[in-house]
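Participant: Only the shape, not the letters, is given here:
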Ligand SMILES: Nc1ncnc2c1ncn2[C@@H]1O[C@H](COP(=O)(O)OP(=O)(O)OP(=O)(O)O)[C@@H](O)[C@H]1O
C-alpha cells in the first residue's frame, strides 16, 4: 500500500454524523466511508520528507507537518505561514492566548475546517508525507486515521457499548465488536469502571468518565493520531488528573496533539510545545522543557510568565 492510496474517490464525502448540529462527536464517527476499500497510509513505508528536520537516528519520525500554512475565515486571517513538524508517539501541546488560532490549527489536521463554509486553507499540511489538502484525499478516511476529542464530553444518548461502536457501525466495519469495545475501553482507562454496565447509558457516567468514553470512541477505529481540544477544561481536578495520566499513556501508542489553555497542564504532560501568539503566528516550537525554562523569544517568555495573554 502506498501513500497515493490514501485517496478513495468512491467514498469521497464530507459527511459527519451530527448531534443536533453541534460539533459534538469524535471526528472519526463518520458515515459514508467504505471500509472494504479504505486506503491507508502505511506508516512502515518510506515517507520521504516526513522525517524530522535533522533526520538523526533516535529522532522521532514526523507524522504531521505543515509548511506556509495560512487559514482565513472569509477575510480574517487566523493562521499565518505556520511551519511545524509534529513527532510520532509523543504529546504535542498547542498553547497561546485566546483567539490565536490553536483550535483552527488542530482542525486543519483532520480537515474539520472543511465543515466551516467561511474557512479557507492555503499552503501544505502533511500527514505521513501526503498533503491532506490534495484533491485526491478523502477527508472521511483521513478522519478515521486522525480522531478527535472535544472540550465538552459528548457521549450519545446510547449505551456505553453503542457509544464505542457507533463510528464502526455507521461505517459497516466488520470485526469482533466485543473485543474492540473492551480494548478501546481498556486503553481509555475506563474498562474496570464500566465492564459490568456496558448496556447502561453513556449519559449516566460522571463527566470525567464521559470524556474517557469519548476517548474510547475515538480510539475504536484504531487511528494513528488523536487530536484533543481542551479535553479536560470542563472537568474537576480529580477527573482532569485521570485524563492527563491517560494522555501520557496514549502517547505510547498514538501521536497526541492537545490544545490547552492550562500552561501547567502543557508542562506536565507534553513532550513538545508549540506557542501560537496573536495573529495566528507560530512563534516557537520546541521541547516542552525548553519552552518553559528557556524560551528563545521574549514574547514567548512574556506569555509563559503571564505578562500577557
Ligand atoms: N467559524 C469561524 N468563523 C469565523 N471566524 C472564526 C471561526 N472560528 C474561529 N474564527 C476566528 O479565527 C481566529 C482564531 O480562532 P481559534 O478558535 O482558532 O482560536 P483559539 O486560539 O483556539 O481561541 P480560544 O483559545 O479562545 O479557543 C479568531 O479570530 C476567531 O474569531
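Facilitator: Received it, and whenever you're ready, just let me know what you need. Keep in mind that what you see is a predicted model, and the values were worked out from it rather than measured.

Participant: Around the ligand, pick out the residues from the stretch 101-250 of the chain.
Facilitator: Within the stretch 101-250 of the chain, the positions near the ligand by CB under 6 Å from any ligand atom are 101, 102, 103, 104, 116, 118. All C-beta spots, glycine's among them, are computed from the backbone N, C-alpha and C.

Participant: quick one, phi/psi of the fifth one?
Facilitator: So that's residue 116. Dihedral pair for residue 116: phi -100, psi 110, per degrees, to the nearest 10.

Participant: out of everything not next to it in sequence, what's closest to it?
Facilitator: Using CB to CB, 6 or more residues apart in numbering and skipping residues adjacent in sequence, the residue nearest residue 116 is residue 73, 7.1 Å away.

Participant: thinking again about what came up before, the residues of the stretch 101-250 of the chain next to the ligand into JSON lines, with extra columns for secondary structure, pLDDT and neighbour count?
Facilitator: Shown next, in JSON lines, are those (DSSP: H, G, I helix; E, B strand; the rest coil; pLDDT from 0 to 100; neighbours: other CB atoms under 10 Å):
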{"residue": "101", "secondary structure": "coil", "pLDDT": "97", "neighbour count": "24"}
{"residue": "102", "secondary structure": "helix", "pLDDT": "97", "neighbour count": "26"}
{"residue": "103", "secondary structure": "helix", "pLDDT": "96", "neighbour count": "19"}
{"residue": "104", "secondary structure": "helix", "pLDDT": "97", "neighbour count": "24"}
{"residue": "116", "secondary structure": "coil", "pLDDT": "94", "neighbour count": "13"}
{"residue": "118", "secondary structure": "coil", "pLDDT": "97", "neighbour count": "10"}
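
Participant: Farthest pair within those residues?
Facilitator: For these, the farthest-apart pair by CB to CB is 102 and 118; their separation is 17.9 Å.

Participant: List the beta-bridge partners for the residue nearest to residue 116.
Facilitator: Under DSSP bridges, the beta-bridge partners of residue 73 are residue 76, residue 119.

Participant: how near is it to the ligand?
Facilitator: 3 Å (CB to the nearest ligand atom, to the nearest Å).

Participant: residues near that residue, how many?
Facilitator: 14 (other CB atoms under 10 Å).

Participant: Give me the nearest residue to the residue minimising distance to the centre of the chain, chain neighbours excluded.
Facilitator: In the chain, the C-alpha nearest the mean C-alpha coordinate belongs to residue 227, at 1.1 Å (CA atoms, centre = their mean). Excluding its sequence neighbours, the residue lying closest to residue 227 (CB to CB, 6+ apart) is residue 148, at 4.5 Å.

Participant: rewinding a little: I'd assumed residue 149 was in contact with the residue nearest to the centre of the chain.
Facilitator: Yes: Residue 227 is within contact range of residue 149, at 7.2 Å (criterion: CB atoms under 8 Å).
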